[in-house]
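In: A structural model of the following input is requested.
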Amino acid sequence: MSLDISLIQNGKEVFSTNITHNLNNMAKACGVYYACWRPYEINCNKAKHILPMLKDAVEVLKADKEHYKKFDSKNGWGTYEEFLPWLESYVTACENYPDAKIDVSR
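Out: Presented below is the predicted three-dimensional model:
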């Protein structure tokens, strides 16, 4: 199973990505679980609402790589080495489309 995220602007999808649910514990540990998996539960419906959280998480992940690697999935489907670049690409998309609506399907 995976998390599918789209950013929608002016009725058009401007960004689309997905990531394995096996990374949800790493997301929780670095503080972006709700921003990524459940933004609507924290009243975030636009990219600009979650952007500060995503940026903070990137910095936290980079600052303590070994700690966050402990959250790698035991089956190999979901690792730090996948999560960090995925999160960085999501940051870039949110920077490029700050007013885009977040659409999350789980």
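In: Give me the pLDDT value at the residue nearest to the spatial centre of the chain.
Out: Closest to where the C-alpha atoms of the chain average out (C-alpha atoms, centre = their mean) is Cys36, at 4.3 Å. With respect to pLDDT, Cys36 has a value of 98.
In: Excluding covalently adjacent residues, which one is nearest to it?
Out: Among residues not flanking Cys36 along the chain, Ala27 sits closest, at 5.6 Å (C-beta to C-beta, 6 or more residues apart in numbering). Every residue, glycine included, has its C-beta placed from N, CA and C.
In: Just say helix, strand or coil for the one you found.
Out: Under DSSP: H, G, I helix; E, B strand; the rest coil, Ala27 falls in the helix class.
In: could you pull out the helices for the chain?
Out: 24-29, 33-37, 47-63, 65-69, 80-96 (DSSP state H).
In: Distance to Glu13 for those helices - can I get that in JSON lines?
Out: Listed next are those as JSON lines, based on distance: least, C-beta to C-beta, whole Å:
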{"stretch": "helix 24-29", "distance to Glu13": "22"}
{"stretch": "helix 33-37", "distance to Glu13": "17"}
{"stretch": "helix 47-63", "distance to Glu13": "13"}
{"stretch": "helix 65-69", "distance to Glu13": "30"}
{"stretch": "helix 80-96", "distance to Glu13": "11"}
